[in-house]
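Novice: I would like the atomic coordinates for the input below:
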Amino acid sequence: MAIEFYNVKKRKKVSISESDVKKAKYERKLSDGSVQVRYAFRAQDDDGTNLTKFCSKVDWDAVKAPEEK
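Specialist: Next up, the predicted model:
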């Protein structure tokens, strides 16, 4: 299965194979003291552009990719 990213340099959508994608989790502390967690897929296009696509936790859990540290 391929995941679709938007490449800003090429100004078009690109498909990256799931085997070349890594999962990332971004956490930040909000002013009320709670922690917000955002889930994303990260990859690199053939021209060297770093690609990031934010997604839901359900989609993030469904993909069998290694998690980025």
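Novice: Return the residues in contact with the residue nearest in space to the middle of the chain.
Specialist: Geometric centre of the chain, nearest residue: residue 41, 1.6 Å, by Cα atoms, centre = their mean. Applying Cβ atoms under 8 Å, 6 or more residues apart in numbering, we find residue 41 in contact with 3, 5, 21-24, 52-53, 55, 60, 63, 65. (Glycine included, C-beta is placed from N, CA and C.)
Novice: can you check residue 9 too?
Specialist: Counted by Cβ under 8 Å, 6+ apart, residue 9 has contacts 47, 49.
Novice: Buried ones in stretch 13-33, by neighbour count?
Specialist: By neighbour count with 16 or more other Cβ atoms under 10 Å, stretch 13-33 contains the buried residues 14, 16, 21, 23-24.
Novice: Return the member of those residues nearest to residue 30.
Specialist: Nearest to residue 30 among the buried residues of stretch 13-33: residue 24, at 19.3 Å, using Cβ to Cβ.
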